[in-house]
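Engineer: fold the stuff below for me.
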Amino acid sequence: MIGEAMSCGTPCVVTDVGDSERIVGGTGVVVPASDPEEMVAGWRKILLITKEEREALGQKARERICAEFSLTHLIERTNRGFERLLNTTLG
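Structural biologist: From the prediction side, this is the model:
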């Protein structure tokens, strides 16, 4: 759901669990897991910036998803992974 929100131009506040931090990159706020105070602070940070700053951050989030997590990228990465696996196994 992070990627979906970002692709709609929504800046995200996420916990540092799984790939969330890698997905968000510098386009949102990452907070420690199980720390509600930090989550509140993260959302406060997003909500207190100007509308223009929030829209710019949202656009940056959308651009990141389109550039780094598109279907084309997924296919290319999967193919490279299979090629490495085959080269290791057969090579």
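
Engineer: next one: the residue nearest to residue 45 when sequence neighbours are not counted from residue 60, what distance?
Structural biologist: Among residues not flanking residue 45 along the chain, residue 29 sits closest, at 5.7 Å (Cβ to Cβ, 6 or more residues apart in numbering). Glycine gets a C-beta too; all of them are placed from N, C-alpha and C. In this view, residue 29 and residue 60 are 13 Å apart by Cβ to Cβ, to the nearest Å.

Engineer: do the same with residue 6
Structural biologist: Distance from residue 6 to residue 60, counting by Cβ to Cβ: 9 Å.

Engineer: got any residues that touch both of these two?
Structural biologist: The contact sets of residue 6 and residue 60 overlap at residue 27 (Cβ atoms under 8 Å, 6 or more residues apart in numbering).

Engineer: give me the more crowded residue out of those two.
Structural biologist: Legend: neighbour count by other Cβ atoms under 10 Å for residue 6 and residue 60, higher for residue 6 (25 against 16).

Engineer: surely that one is within a helix?
Structural biologist: Yes: assigned with DSSP: H, G, I helix; E, B strand; the rest coil, residue 6 falls within a helix.

Engineer: who's in contact with the worst-scoring helix or strand of the chain on mean pLDDT?
Structural biologist: Least confident helix or strand, the chain: helix 71-90 with a mean of 89, by mean pLDDT, DSSP states H and E. Defining contact as Cβ under 8 Å, 6+ apart, one finds that helix 71-90 is touched by residue 67.

Engineer: check stretch 50-69 too.
Structural biologist: Taking Cβ under 8 Å, 6+ apart as the rule, stretch 50-69 contacts 3, 5-12, 23-28, 46, 49, 73.

Engineer: recalculate using a threshold of 7 Å.
Structural biologist: The contact list for stretch 50-69 (Cβ atoms under 7 Å, 6 or more residues apart in numbering) reads 3, 6, 7, 9, 10, 11, 12, 23, 25, 27, 28, 46.

Engineer: and if you look at stretch 13-32?
Structural biologist: Stretch 13-32 has contacts (Cβ under 7 Å, 6+ apart) with 2-3, 6, 11-12, 33, 38-39, 42-43, 45-46, 57, 60-61, 64, 69.
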